[in-house]
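Q: Below are the sequence and a predicted model; questions follow.
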Amino acid sequence: MTAISTNKKKKVILIPYPAQGHVNPMIKLASLLSNMGFDPIIITPEFIHRRVSRRINDGILFMSVPDGLREGAPRDFFAIEMAMERNMASPLEELVREMGGGIGFFVVDLLASWAIDVGRRCGVAVAGFWPAMHATYRLLAAIPDLIHAGVISGDGIPKNENAPICLSPNEPTLSTSDLPWLIGSSTSRNSRFKFWRRTLARSETLPWILTNTFPDEPQLKTSQQSTYFSSFNTSRVREIGPLIMQSSAMASFWEEDTSCLRWLDEQDMGSVVYVSFGSWVSPIGEANIRSLALALESCQRPFVWVLGPAWREGLPEGYAERVATRGRIMSWAPQVEVLRHGAVGCYVTHCGWNSTMEAMQCKKPLLCYPIAGDQLLNCVYIVNVWRIGVKIQGFGREEIENALSVVLDDEQMRRRIERLNDKLLGKEGISKARAKLTAFIQDICT
């Protein structure tokens, strides 16, 4: 990538939301900025800093700020939100002022929108970063219009469970069940909805939003009449992804078990089912873990299953011993290497955006079980727009066996994945994305 010499040595402060699925795309963006002549600095809470700072070089500096949570305290969505809003702004501002200038701009993950005002108080230009698909941001940006149209209440509650939602005439029709804040209890849903509204309000003030998605996102032509069409202005958006294809920089929060790669070498081509719900396995629950375990055992296919020790209590008694010859259960795996392996035939996934891109990169069809957030809309695109996977409603033996038969045996689906990979993740797609990143740099530094 061509460096922009007028910006050499300028620092760029990057603030990711403190979760692996957000930190890794920011690391990849930082790597690209380093290649363009900037000094990128990624700032995270200390508990993440300890995990990633020694594993990445690539011209990236890592620094930390305290999040105010005690050592060992749970860091779930709500604890992290409280820490970001109450505890992290002042230490970040102090850290930035101690740098004494030379900062070109901030890049702030929109889920860490608390940092936008810090950049402004420090007199630094701020760009937003959306680490997921552009369409998921448009769905959030549609909240005011969804309320105005009577699709949802002012608290985000659907007024009609069957009301169709369409962001534009060229995109898939969604249902209210696809809304990203509808998870957990009513109190949890209300809190998540407030979080998204606050995030949206802050992001509306930004002149630039960088999205980790491909230019010219493929769309579904539809003539179906829908309740709602978005008036969202996309002129601020720069589609600079998928970053997965532009940088190899990456960090894992957990130690990867590479022994599965040797085991995969012994398996038949395209025969293995890879199962991973990312770092967010907990909402699946022990009952679903047990059902999935029995389904995998029943279908008699070899598998690699990423399952942390805390959730193995959901496995049937003696399960690991019964499946030892044709199944590998591990706490964490080198996912891209696993998906790239020729023995892997498909991927059972929660449809997180990074996982979706990695599957697309490695040309693996998907068995989709979305849980919350952007996963729901990602699944709609995977199943209905790109048609590179199937959605399952649960983990019953018959449903899993039927779904595996579809994704493992459907040659048309495999050809669609190959075409999509070539069109969106090939040289032309990367060239478009880099051109948009270069144009953004020229704009923000003018």
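A: Done, it's in.
Q: For the closest residue to Gly373 other than its chain neighbours, give me its contacts.
A: Residue nearest to Gly373 in three dimensions, not counting chain neighbours: Pro180, with 4.7 Å by C-beta to C-beta, 6 or more residues apart in numbering. Any C-beta I mention is one placed from the backbone N, CA and C, and that applies to glycine too. Under the criterion of C-beta atoms under 8 Å, 6 or more residues apart in numbering, the neighbours of Pro180 are Thr136, Leu139, Leu140, Arg192, Trp196, Ala372, Gly373, Asp374, Leu376, Leu377.
Q: let's see it at 7 Å
A: Taking C-beta atoms under 7 Å, 6 or more residues apart in numbering as the contact definition, Pro180 lies against Ala372, Gly373, Asp374, Leu376.
Q: how close does it sit to Glu81?
A: 15 Å (C-beta to C-beta, to the nearest Å).
Q: likewise Arg51?
A: Counting by C-beta to C-beta, the separation of Arg51 from Glu81 is 20 Å.
Q: Compare those two and say which one has the larger neighbour count.
A: Summary of the neighbour comparison: Arg51 and Glu81, criterion other C-beta atoms under 10 Å, with Glu81 having more neighbours (19 against 16).
Q: Run a quick check on the more buried one versus Arg192, I expect a contact.
A: No - the pair Glu81 / Arg192 is not scored as a contact, 9.1 Å apart, by C-beta atoms under 7 Å.
Q: rewinding a little: would you list the contacts of Pro180 in TSV and tack on neighbour count, pLDDT and secondary structure?
A: Formatted as TSV, the entries for the contacts of Pro180 read as follows, by neighbours: other C-beta atoms under 10 Å; pLDDT from 0 to 100; DSSP: H, G, I helix; E, B strand; the rest coil:
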residue	neighbour count	pLDDT	secondary structure
Ala372	18	84	coil
Gly373	23	86	coil
Asp374	24	91	coil
Leu376	22	92	helix
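Q: ok, how many other residues are close to the closest residue to Glu256 other than its chain neighbours?
A: What sits nearest to Glu256 in space, not counting adjacent residues and going by C-beta to C-beta, 6+ apart, is Pro334, at 4.6 Å. Number of residues near Pro334 (other C-beta under 10 Å) recorded here: 16.
Q: so what's the nearest residue to Gly352 once chain neighbours are set aside up against?
A: Leaving aside its chain neighbours, Gly352 sits nearest to Gly278 (5.1 Å; criterion: C-beta to C-beta, 6+ apart). When contacts are counted by C-beta under 7 Å, 6+ apart, Gly278 is found next to Gly21, His350, Gly352, Ser355.
Q: can you tell me which of the residues you listed lies nearest to Phe395?
A: If you rank those by distance to Phe395 using C-beta to C-beta, His350 comes first, at 12.8 Å.
Q: From the contacts of Pro180, pick the one nearest Trp311.
A: Taking C-beta to C-beta as the measure, Trp311 sits nearest to Ala372 out of the contacts of Pro180, at 17.1 Å.
Q: for the spatially most central residue of the chain, what are its contacts?
A: Centrality entry for the chain: nearest residue to the mean C-alpha point is Trp353, 3.6 Å, by C-alpha atoms, centre = their mean. Shown here is Trp353, whose contacts under the criterion C-beta under 7 Å, 6+ apart are Pro131, Ala132, Met133, Asp374, Asn378.
Q: Tell me the one among these nearest to Leu243.
A: The closest of the contacts of Trp353 to Leu243 turns out to be Pro131 (C-beta to C-beta; 8.3 Å).
Q: Quick check: phi and psi at the closest one.
A: phi -80, psi 10 (degrees, to the nearest 10).
Q: Could you do the one 3 residues further on as well?
A: Main-chain dihedrals, His134, degrees, to the nearest 10: phi -60, psi -40.
Q: Hmm, Glu239 and it touching each other?
A: Yes - between His134 and Glu239 there is a contact under C-beta under 7 Å: 6.0 Å.
Q: Quick check: neighbours shared by the two?
A: A shared contact of His134 and Glu239, defined by C-beta under 7 Å, 6+ apart, is any residue touching both; here these are Thr211, Thr213.
Q: The residue nearest to Gly373 and Ile147: what is the separation?
A: For Pro180, the distance to Ile147 - C-beta to C-beta - is 15 Å.
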